[in-house]
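Asks: Provided below are the primary sequence and the corresponding predicted coordinates.
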Amino acid sequence: MKISQMVMVPGLLSTADVYRPLIDALGKDVFVAETRLDDTIEAMARRLLDEAHGRFLLCGHSMGGYVALELLRLAPERVAGLALIATSARADAPEQTAVRLRLIDMARRRGIEEAAKLLEPKLFGPRGGGEALRRLNLEMAREIGTDVFARQQEAIIARRDQQEVLAGIDVPTVVVAGTADAIIPPQRSQEMAAAIPGADLVMLNEIGHMVPLEAPGETHAAVAGLQARVAAA
């Protein structure tokens, strides 16, 4: 099966703009998955399978990583290479679910901007923030809106544990994380990389959760390295 494109899956409250530096660097043949219409991670993955073409390289950030792992469970033959960025293979923990439900309630009572501003201090690390990125984060939140935010959070809460999928991944894989990620502990990336045969692990010092925006050069290097491994396989 021919490798046709790079597929990128955005995370919670993110649009295609979260990948803009990477898309600009890659230049072409990039497809950004739709994650705003479905109420389960599985439905997002099935939509991606229907809309993407052929066999592809798959890149998932945060919630996008949950979608990527679900797609691998459903149709591993469609994936030629995998990049997992600031994400986890574990199911939602009770304390995480409680925070998500509070954020949904806040967004519905006070608006999506208030929820986004509450999340903001946890999104960026000491090296990767800046006013421009914070403005972009708020713009993406406005575009997503409260209803989609709630739907995405509920999908994340109900997602399945994918740890058993990891050992069966047999394509070139890179796992990327920031050491200052306050949303998903970087240890989750370390354990994923250890569980996936032959996976590369890239840890970015003082970078937070929004890796593609905070560290665009390092993210591109990791993805370019993955492309080279796939081409050589």
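Replies: Received, thanks.

Asks: Report the helix or strand with the lowest average pLDDT across the chain.
Replies: Taking mean pLDDT, DSSP states H and E as the measure, the chain has strand 3-9 as its least confident helix or strand, at a mean of 87.

Asks: which residues sit against that one?
Replies: Under the contact criterion CB atoms under 8 Å, 6 or more residues apart in numbering, strand 3-9 has outside partners 16, 19, 22-23, 26, 29-33, 35, 44, 48, 52-61, 63-65, 67-68, 80, 223, 227, 230. Where you see a C-beta, it was placed from the backbone N, CA and C, and this is true even at glycine.

Asks: Now the buried members of those.
Replies: Listed as buried from the contacts of strand 3-9 are 16, 19, 22-23, 26, 30-33, 35, 44, 48, 52, 55-61, 63-65, 67-68, 80, 223, 227, 230; burial here means 16 or more other CB atoms under 10 Å.

Asks: Keep only those of these that are in helices.
Replies: Counting by DSSP state H, the buried ones among the contacts of strand 3-9 place 22-23, 26, 44, 48, 63-65, 67-68, 223, 227, 230 in helices.

Asks: Hmm, which of these is lowest in pLDDT?
Replies: Comparing pLDDT over these, Leu26 scores lowest. The value there is 88.

Asks: From Gln227, how far out is that one?
Replies: Distance of Leu26 to Gln227, computed by CB to CB, to the nearest Å: 9 Å.

Asks: Name the residues of the longest helix seen in the chain that come out as buried.
Replies: Selection of the longest helix in the chain by residue count, based on DSSP H, yields helix 131-157. Within helix 131-157, the residues that count as buried by 16+ other CB under 10 Å are 133-134, 136-138, 140-141, 144, 146, 148-157.

Asks: repeat for stretch 94-106
Replies: By 16+ other CB under 10 Å, the buried positions in stretch 94-106 come out as Gln96, Thr97, Arg100, Leu103, Ile104, Met106.

Asks: Also stretch 39-51?
Replies: The neighbour-count criterion (16+ other CB under 10 Å) identifies Thr40, Ile41, Glu42, Met44, Ala45, Arg46, Arg47, Leu48 as the buried residues of stretch 39-51.

Asks: Just give me the closest of those to Gln190.
Replies: Distance to Gln190 across the buried residues of stretch 39-51 (CB to CB) is lowest for Ile41, with 22.5 Å.

Asks: Is the closest residue to the closest one other than its chain neighbours in a helix, a strand, or coil?
Replies: Spatially, and ignoring its direct neighbours in sequence, Ile41 is nearest to Arg159 (4.5 Å; CB to CB, 6 or more residues apart in numbering). Using DSSP: H, G, I helix; E, B strand; the rest coil, the structure places Arg159 in coil.
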